[in-house]
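Visitor: Predicted coordinates and the sequence they were generated for:
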Amino acid sequence: MNATPNWFTELSDAGTIFGLELTEAACVYSEQTPFQKLEVFDTKTFGKLMTLDGCTMVTSRDNFVYHEMMAHPVLFSHPSPKRVCIIGGGDCGTLKEVLRHPEVETVIQIDIDERVTRVSEQYFPELCESNSDPRATLAFEDGIKWIQDAEPGSLDVLIVDSTDPVGPGAVLYSEAFFQSCWQALGEDGLLVQQSESPLVHAEKIIKPMHDTMRSAGFTQIRLHQFPLVSYPTGWWSCSIAAKQGEVIFEREQSAENLDFPAQYYNAAIHRGSMALPQFMIELLK
């Protein structure tokens, strides 16, 4: 990461660089939490930008694509998503989208770093407007341990809104972690996890991740792709895994007749995001 007086730039392992022009205010918040360096920048065209250890996490302008795709495809793929858990997601954008579904009765969000949520409440209040929903519980603890200790069959949907699979985040892509997720999910349970860029991470991350999910017991994994300008290559994905059976667009009619506002997601986007380029079809056979 390199923050000049006029630009924030991030170099990625994809051999790319992403930059946003900053306002005169530039860095408006900086803190070394017990877990990571948390910063918020004021940009000219993308609103606020939050970074963790110098890596882009969320911007005001394009976060809706990521948050909607992490929440709605998996929830509309479950026949009755009543009990939901989010691991990570401290900015609360995914939580907000999950709570748009009236079928959801309880959702617990588990992020180890409370400061991410508190700073988001200050600088991204639009993402945190559902934090006080009575169906929601915010827990600030180790999500990996929480899922290991979860009652078997106690969840319908598990959303892993994780960081990249490096350093401490690598365990969230391990077979042991996926086995814990499989155990915690109920009969029709679904797991969704962000799975990086199909363009540059297909062989290094996506294929091994899908193989590990299968080794942990999941029967089918379906990749959903979507654009995300602020993440490396601008092309991102999430992977939905079924505890048993197949990943099916179960509540397609409900998605066709959305009863809540969305900026990116709709039924056509859901179907289209499952259409993969040929190289990904061949790789994921």
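Guide: Received the coordinates, thanks.
Visitor: Pull out the buried residues from the strand or helix carrying T94.
Guide: Assessed by DSSP states H and E, T94 sits inside helix 93-98. Using 16 or more other Cβ atoms under 10 Å as the test for burial, helix 93-98 gives 93-98. Bear in mind the C-beta positions are built from the backbone N, C-alpha and C, glycine included.
Visitor: do the same with stretch 226-238
Guide: Here stretch 226-238 shows 226, 228, 230-233, 235-238 as buried, counting by 16+ other Cβ under 10 Å.
Visitor: what pLDDT, on average, does that stretch get?
Guide: Mean pLDDT, stretch 226-238: 96.
Visitor: ranges for the helices of the chain?
Guide: 63-76, 93-98, 114-123, 143-149, 175-184, 207-215, 252-256, 267-273, 278-283 (DSSP state H).
Visitor: Make CSV out of those and add distance to S195 and mean pLDDT.
Guide: Formatted as CSV, those follow (distance: least, Cβ to Cβ, whole Å; pLDDT from 0 to 100):
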stretch, distance to S195, mean pLDDT
helix 63-76, 11, 98
helix 93-98, 15, 98
helix 114-123, 21, 98
helix 143-149, 17, 96
helix 175-184, 13, 97
helix 207-215, 6, 97
helix 252-256, 21, 97
helix 267-273, 12, 98
helix 278-283, 11, 96
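Visitor: Got the domain ranges for the protein?
Guide: 2-59, 63-283 (automatic domain parsing).
Visitor: that older thread, so which of the helices of the chain gets nearest F35?
Guide: Across these, F35 has its closest neighbour in helix 114-123 (8.1 Å, Cβ to Cβ).
Visitor: If you count neighbours, what's buried in the closest one?
Guide: Per 16+ other Cβ under 10 Å, helix 114-123 contains these buried residues: 114-117, 119-120, 123.
Visitor: Next, format these as CSV and append distance to E175.
Guide: Below are these laid out as CSV (distance: Cβ to Cβ, whole Å):
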residue, distance to E175
E114, 29
R115, 31
V116, 27
T117, 29
V119, 33
S120, 32
Y123, 37
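Visitor: Which pair of the residues you listed spans the longest distance?
Guide: Among these, E114 and Y123 lie farthest apart (Cβ to Cβ), at 15.1 Å.
Visitor: tell me which of the buried residues of stretch 226-238 is nearest to F178?
Guide: Nearest member of the buried residues of stretch 226-238 to F178, counting by Cβ to Cβ, is C238, at 14.8 Å.
Visitor: any idea which residue sits dead centre in the protein?
Guide: D161 (3.3 Å; Cα atoms, centre = their mean).
Visitor: Look up how far A242 lies from T219.
Guide: The gap separating T219 from A242 is 5 Å, by Cβ to Cβ, to the nearest Å.
Visitor: Which one's more surrounded, these two?
Guide: Using other Cβ atoms under 10 Å, the more surrounded residue of T219 and A242 is A242, with 21 against 14.
Visitor: beta partners of the more buried one?
Guide: Assessed by DSSP bridges, A242 has beta-bridge partners L190, Q220.
Visitor: who's in contact with it?
Guide: For A242, the contact set (Cβ atoms under 8 Å, 6 or more residues apart in numbering) comprises 189-190, 218-221.
Visitor: can you check T212 too?
Guide: 173-175, 178.
Visitor: try M50
Guide: M50 neighbours (Cβ under 8 Å, 6+ apart): 38-40, 56-59, 91, 116, 119-120, 123-124.
Visitor: Retrieve the pLDDT associated with G167.
Guide: For G167, the model assigns a pLDDT of 61.
Visitor: In terms of distance to D211, which of the buried residues of stretch 226-238 ranks first?
Guide: Nearest member of these to D211, counting by Cβ to Cβ, is S237, at 15.7 Å.
Visitor: And the closest one, how close does it get to V65?
Guide: Distance from S237 to V65, by Cβ to Cβ: 12 Å.
Visitor: Then P81?
Guide: 21 Å.
Visitor: Give the burial count for the closest residue to V65 other than its chain neighbours, as a bare number.
Guide: Closest residue to V65 apart from its sequence neighbours, by Cβ to Cβ, 6 or more residues apart in numbering: Y264 at 4.8 Å. By the criterion of other Cβ under 10 Å, Y264 has 16 neighbours.
Visitor: Same list (the helices of the chain) but as CSV, adding distance to E31.
Guide: Converted to CSV, the helices of the chain look like this (distance: least, Cβ to Cβ, whole Å):
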stretch, distance to E31
helix 63-76, 20
helix 93-98, 20
helix 114-123, 6
helix 143-149, 21
helix 175-184, 28
helix 207-215, 31
helix 252-256, 39
helix 267-273, 35
helix 278-283, 39
